[in-house]
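Asker: Got a predicted model here, sequence first, then my questions.
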Amino acid sequence: MALQDVCGFLETLDDISPCTYLPNEMGYMWRTPFEFDRDSAFHFLFPPQQCSRKNRAPTLFSSTFSSLSPHQQPFQLSHGTTTLGFIFQDGVIAAADTRASCKGLICCPISQKIMPIHSHLVVNTSGSGADCMLWERILTREMRLYQLRHRKRLSINGAAKLLSTMLHPFKGTNVCVAATLCGWDGEETQDTLQSCMEIADVKEAVEQDSNVSAISDVSAQGGVKMASINEQDEISKDTQALNPTVSNQNTKNVLSTFGGRSGPRVCYVCSDGLQLKGEIISVGSGSPYAYAVLDDGWRWGMTVDEAVALAREAVFRATHWDAYSGNNVDLFHITAHGWRRRDREDLKEEYYREREREKKKIKEREKERQKREGDELVEGEGDIYSVHCG
Amino acid sequence: MEYLIGIQGPDFVLVAADNVAASSIIQMKHDYDKMFKLSDKILLLCVGEAGDTVQFAEYIQKNVQLYKMRNGYELSPAAAANFTRKNLADYLRSRTPYHVNLLLAGYDETDGPGLYYMDYLSALAKAPFAAHGYGLNKRFIMNLPSFTVRLIDKDGIHDMEKLPVGPK
């Protein structure tokens, strides 16, 4: 289909004829929203209830059809999962569990929730499995078309906007997709990577610039101002790397004033229309537990190992407490050079390892306590009324 | 729960919005900006249902900018407010109504500062002060941690310092 679109292959009238397996009246109601714009990304067949807002003379069938409630689900859809994505100084980490559940049943213990879209973008999906698979493919198609048409990759924010706009007509239906786009924007040269790091160091420009992303004129002057590096600022950045509020300002600056330039990005898109850019995003029934771990341990200046460990720990804790998350953890690390996938790890092993560690700790604590009590008896000055903490 | 407030002064309008982007009970963002710049001297503050806010506000924003491109001059705040109201009313009785509550604040060369209150049923009122939501800090069960504040006067839109509200 993508090749067809690019080649401008003429589509025959058969494509827009009414569906033959439906009775005539219902078939005519499946219509395209933009009837004359077949090149548009929004070339879908809309179900009858979501038809165009133009005033049509209401026929008997259309009025009864439109008053029907959305199609009844044969079974309850359950959206249990834990996915997370966060950015730090060396890229983006995307992690997710691998359990696909359907109410009380684990449909698949080894599903893959993180799908690569292209070399520098992966998407974490949660929600309804079928919807996610479909919309991932649609997004991949649209991004590839954009790349072929415009000879450059669409930015992460652009991809999020595109997905959000494509999902908007289905708002109110049972489409349930909550996707986190994690990726690296921009060219993969060493130079842009360096300039990204440098700009994160400059602290003064942070106070001057407005870091409001809704205001559409991203000041070009602000960007030029920040290109001058202060050595003092570099030193101050190191000491302040531990201070989360200041590093927040730095990252905000990287994100907002860069506009379309390079850097790590994480974007959340939801089928009910919410679209957020941020530093830490976690989605799913296990997300509160994951947020607890992430909020505590996240720093912009983390190393790759620390970031991977943090992501693993967050998913592990979420799978421990949430019934609908579990089995394995998938982890992707995206840098300017592309995405790298860590081997899938079974969290059962981690759970048993932790139990062993706890057992050892308890034994050691016991030994210490006995030793201390032994010493006290030898000293003979133990006050029988004092309380010994074990 | 989201909060917007606007106050009109003799030659300025002061507006503030909370910074929380929530998904059910989780705050996904603490620094989310709910103000949309329609032109150099007009701000649209928008709260309501998740996707509707951004979609509707950006639609109005782009259309106001298109007007400027086509005609060479900007819409006045009163015109922008009425345009927004008309769009909201048109969508209200369609299949896809937008559930958004708005405040539109602007400064006009001839009319001075103006603050317009609009709700999801597309009621429009010009008021000296207006608010949406619950702004109580000590009494409400949920607290909004911080607010973005902006001032519009004859020189344009100015950012004021972000207000962190809460126990020090």
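Answerer: Done, it's in. Here the structure is a predicted model, which means the values were calculated and not measured. Numbering: from 1, shown residues only, chains lettered A, B, ... in the order given.
Asker: what about whatever residue of chain A ends up closest to chain B, which SS state?
Answerer: Proximity to chain B, evaluated over chain A using Cβ to the nearest Cβ, is greatest for A:Gly273 at 0.9 Å. Where you see a C-beta, it was placed from the backbone N, CA and C, and this is true even at glycine. Three-state call for A:Gly273 (DSSP: H, G, I helix; E, B strand; the rest coil): coil.
Asker: quick one: low-confidence ranges for chain A?
Answerer: Scanning chain A for pLDDT under 70 picks out A:1-79, A:187-260, A:380-390.
Asker: Longest helix of it, counting residues only.
Answerer: In chain A, with assignment by DSSP state H, the single longest helix is helix A:347-379.
Asker: And for B:Gly9, the neighbour number?
Answerer: 14 (other Cβ atoms under 10 Å in any protein chain shown).
Asker: now A:Glu358
Answerer: Neighbours of A:Glu358 using other Cβ under 10 Å come to 10.
Asker: How about the residue positioned nearest the centre of chain B: what's its closest non-neighbour residue?
Answerer: In chain B, the C-alpha nearest the mean C-alpha coordinate belongs to B:Leu45, at 1.2 Å (Cα atoms, centre = their mean). Leaving aside its sequence neighbours, B:Leu45 sits nearest to B:Leu103 (Cβ to Cβ, 6 or more residues apart in numbering or on different chains; 4.3 Å).
Asker: what about the strands in chain B?
Answerer: B:4-8, B:13-18, B:21-23, B:26-29, B:35-39, B:42-48, B:100-108, B:112-118, B:124-126, B:129-132, B:146-153, B:156-159, B:163-164 (DSSP state E).
Asker: And for the stretch 251-390 of chain A?
Answerer: A:263-270, A:275-278, A:280-283, A:328-335, A:338-346 (DSSP state E, counting those that start in this stretch).
Asker: I'd like the ones you listed as CSV, with mean neighbour count appended.
Answerer: Below are the strands of the stretch 251-390 of chain A laid out as CSV (neighbours: other Cβ atoms under 10 Å in any protein chain shown):
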stretch, mean neighbour count
strand A:263-270, 26
strand A:275-278, 20
strand A:280-283, 26
strand A:328-335, 22
strand A:338-346, 14
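Asker: wait, which of these is closest to A:Ser128?
Answerer: Nearest to A:Ser128, of all the strands of the stretch 251-390 of chain A, is strand A:263-270, at 12.3 Å by Cβ to Cβ.
Asker: Which secondary structure elements does the closest one sit against?
Answerer: Counting by 3 or more Cβ pairs under 8 Å, 6 or more residues apart in numbering or on different chains; DSSP states H and E, the packing neighbours recorded for strand A:263-270 are strand A:83-88, strand A:91-97, helix A:156-167, strand A:177-185, helix A:244-258, strand A:275-278, strand A:280-283.
Asker: What pairs with it, parallel or antiparallel?
Answerer: Partner strands for strand A:263-270, per DSSP bridges, with pairing direction: strand A:177-185 (antiparallel), strand A:275-278 (antiparallel).
Asker: mind giving me JSON lines with those and columns for distance to A:Arg344?
Answerer: Below are the strands paired with strand A:263-270 laid out as JSON lines (distance: least, Cβ to Cβ, whole Å):
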{"stretch": "strand A:177-185", "distance to A:Arg344": "17"}
{"stretch": "strand A:275-278", "distance to A:Arg344": "26"}
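Asker: what's the burial count for residue 94?
Answerer: Defaulting to chain A. A:Ala94 has 29 nearby residues by other Cβ under 10 Å.
Asker: meant chain B actually
Answerer: For B:Ser94, the count of nearby residues is 12 (other Cβ under 10 Å).
Asker: Next: the one 4 residues further on.
Answerer: For B:Tyr98, the neighbour count with other Cβ under 10 Å is 22.
Asker: Make sure it is actually in contact with B:Ala57.
Answerer: No: using Cβ atoms under 8 Å, B:Tyr98 is not in contact with B:Ala57; the gap is 9.6 Å.
Asker: from what I can see B:Gly6 touches B:Pro113, true?
Answerer: No: counting by Cβ under 8 Å, B:Gly6 stays clear of B:Pro113, with 10.1 Å between them.
Asker: which residues do those two both contact?
Answerer: Shared contacts of B:Gly6 and B:Pro113 (Cβ atoms under 8 Å, 6 or more residues apart in numbering or on different chains): B:13, B:105.
Asker: hmm, back to that, how about the residue nearest to B:Leu45: which residues does it bridge to?
Answerer: Applying DSSP bridges, one finds that B:Leu103 bridges with B:Leu45, B:Tyr117.
Asker: Tell me how far it lies from chain A.
Answerer: Computed as Cβ to the nearest Cβ, to the nearest Å, the B:Leu103 to chain A distance reads 14 Å.
Asker: ok, that residue - contacts?
Answerer: Contacts of B:Leu103 by Cβ under 8 Å, 6+ apart are B:4-6, B:15, B:44-45, B:115-118, B:130-132.
Asker: Can you tell me which of those is nearest A:His120?
Answerer: Nearest to A:His120 among these is B:Leu44, at 34.0 Å by Cβ to Cβ.
Asker: so how far is chain A from that closest one?
Answerer: B:Leu44 is 10 Å from chain A, by Cβ to the nearest Cβ.
Asker: pretty sure that residue contacts B:Lys62?
Answerer: No: if you go by Cβ under 8 Å, B:Leu44 and B:Lys62 don't touch, sitting 11.8 Å apart.
Asker: more crowded one of the two?
Answerer: B:Leu44 (28 against 12).
Asker: Could you pull up the contacting residues of the more buried one?
Answerer: B:Leu44 makes contact with B:35-38, B:57, B:60-61, B:80, B:84, B:102-104, according to Cβ under 8 Å, 6+ apart.
Asker: okay, the residues you listed in a markdown table with pLDDT next?
Answerer: Converted to a markdown table, those look like this (pLDDT from 0 to 100):
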| residue | pLDDT |
| --- | --- |
| B:Met35 | 94 |
| B:Phe36 | 94 |
| B:Lys37 | 94 |
| B:Leu38 | 94 |
| B:Ala57 | 94 |
| B:Ile60 | 95 |
| B:Gln61 | 95 |
| B:Ala80 | 95 |
| B:Thr84 | 95 |
| B:Leu102 | 95 |
| B:Leu103 | 95 |
| B:Leu104 | 96 |
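Asker: so which of those residues is the most crowded?
Answerer: Highest count within the contacts of B:Leu44 by other Cβ under 10 Å belongs to B:Leu104, 31 neighbours.
Asker: quick one: the residue nearest to it when sequence neighbours are not counted from chain A, how far?
Answerer: Take B:Leu104 and drop its neighbours on the chain: the residue closest to it by Cβ to Cβ, 6+ apart is B:Tyr116, 4.3 Å away. Noted for B:Tyr116: a distance of 19 Å to chain A, by Cβ to the nearest Cβ.
Asker: Just give me the neighbour total for B:Tyr116.
Answerer: 26.
Asker: Spell out which parts of chain B neighbour chain A.
Answerer: Taking Cβ under 8 Å from any Cβ of the partner chain as the criterion, the neighbours of chain A within chain B are B:21, B:23, B:26, B:28-29, B:31-37, B:49-55, B:61, B:91, B:94-96, B:148, B:157, B:159.
Asker: hang on, the earlier thing: now, which of the contacts of B:Leu44 sits nearest A:Asp346?
Answerer: Of all the contacts of B:Leu44, B:Ala57 has the smallest distance to A:Asp346: 45.9 Å, by Cβ to Cβ.
Asker: ok, the closest one touching B:Met35?
Answerer: No: in this structure, B:Ala57 is not within contact of B:Met35 by Cβ under 8 Å, at 9.1 Å.
Asker: anything in contact with each of these two?
Answerer: By Cβ under 8 Å, 6+ apart, the residues touching both B:Ala57 and B:Met35 are B:44, B:46.
Asker: close enough to count as contact, B:Leu45 and B:Gly6?
Answerer: Yes: using Cβ under 8 Å, B:Leu45 is in contact with B:Gly6, at 7.2 Å.
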